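Colleague: okay, here's the prediction I keep looking at, along with the sequence it came from:
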Amino acid sequence: MSQGNRQAIDRAIAVLESRGFDRDATLLRTTATFRSSDSWLNTHLVASENAYASTNFPVGIITIYPDFYNKAVDDTERAAILLHEAQHLKGGTEPEAYAYVWQNRGRLGWTLLSHGTTESYVSIEQQTREYAPELFTCESKAWGDCTETLEAHR
């Protein structure tokens, strides 16, 4: 892993820490090993539905894919991705990880207003709708998103 890539990871972890995700930041800093490529076995056994990162639980290895650096537009977006992976380090399932990040995106500063048009935000929202559909059942909220804080004024 290049020095520049490692610095991007460290900046994203710093964003988590600055936004009050201290336990997740500490977990990522102290227990995770980051790598830039999958082993042959992992590549063939695990579908690559998440092009940003993946975690091997319980060994604590997080593979960071090129999209983490190229498609995520800033350190806040990278922090959202690492927050998801931190849930896996704790043993969380895909639905739990997607739900946790989506429910906490306001605190992270990764919102519809700030990032809603980015490729990463759009694709992660779609994946969250698939893995945690219970978060999108509020008809009175924008796009049915029960966690959305934007209010439409008529």
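Modeller: That came through fine.
Colleague: which residues touch stretch 68-75?
Modeller: 5, 8, 11-12, 14-15, 51-53, 78, 81, 115, 118-120 (C-beta atoms under 8 Å, 6 or more residues apart in numbering). (Each C-beta comes from the backbone N, C-alpha and C, glycine too.)
Colleague: nearest to A99, of the residues you listed?
Modeller: I81 (15.2 Å; C-beta to C-beta).
Colleague: what pLDDT is listed against the closest one?
Modeller: Here, the pLDDT recorded for I81 equals 97.
Colleague: and it, what does it touch?
Modeller: 12, 52-53, 68, 72, 120.
Colleague: so of those, which ones are in helices?
Modeller: 12, 68, 120 (DSSP state H).
Colleague: separation between the last one and A132?
Modeller: Relative to A132, S120 is positioned 17 Å away (C-beta to C-beta, to the nearest Å).
Colleague: and for D10?
Modeller: 29 Å.
Colleague: so those two - more neighbours on which side?
Modeller: With other C-beta atoms under 10 Å as the criterion, D10 and A132 differ in neighbour count, and A132 comes out ahead with 20 against 14.
Colleague: does the residue nearest to that one when sequence neighbours are not counted belong to a helix or a strand, and which?
Modeller: Nearest residue to A132 in three dimensions, chain neighbours excluded: A99, at 4.0 Å (C-beta to C-beta, 6 or more residues apart in numbering). If you go by DSSP states H and E, A99 is part of helix 94-103.
Colleague: contacts for the helix or strand following that helix, please.
Modeller: Downstream of helix 94-103, the first helix or strand assigned by DSSP H and E is helix 105-108. Here helix 105-108 makes contact (C-beta under 8 Å, 6+ apart) with 15-16, 19-21, 76, 79-80, 83, 101, 111, 147, 149.
Colleague: how far out from the middle of the chain is helix 105-108?
Modeller: Offset of helix 105-108 from its chain centre (C-alpha atoms, centre = their mean, to the nearest Å): 11 Å.
Colleague: buried residues of it, list them for me.
Modeller: The neighbour-count check on helix 105-108 (16 or more other C-beta atoms under 10 Å) flags 105-106, 108 as buried.
Colleague: what mean pLDDT would you report for that helix?
Modeller: 96.
Colleague: so what's the nearest residue to A97 once chain neighbours are set aside up against?
Modeller: Excluding its sequence neighbours, the residue lying closest to A97 (C-beta to C-beta, 6+ apart) is Q87, at 3.8 Å. Taking C-beta under 8 Å, 6+ apart, we find Q87 in contact with 24, 96-97, 100-101.
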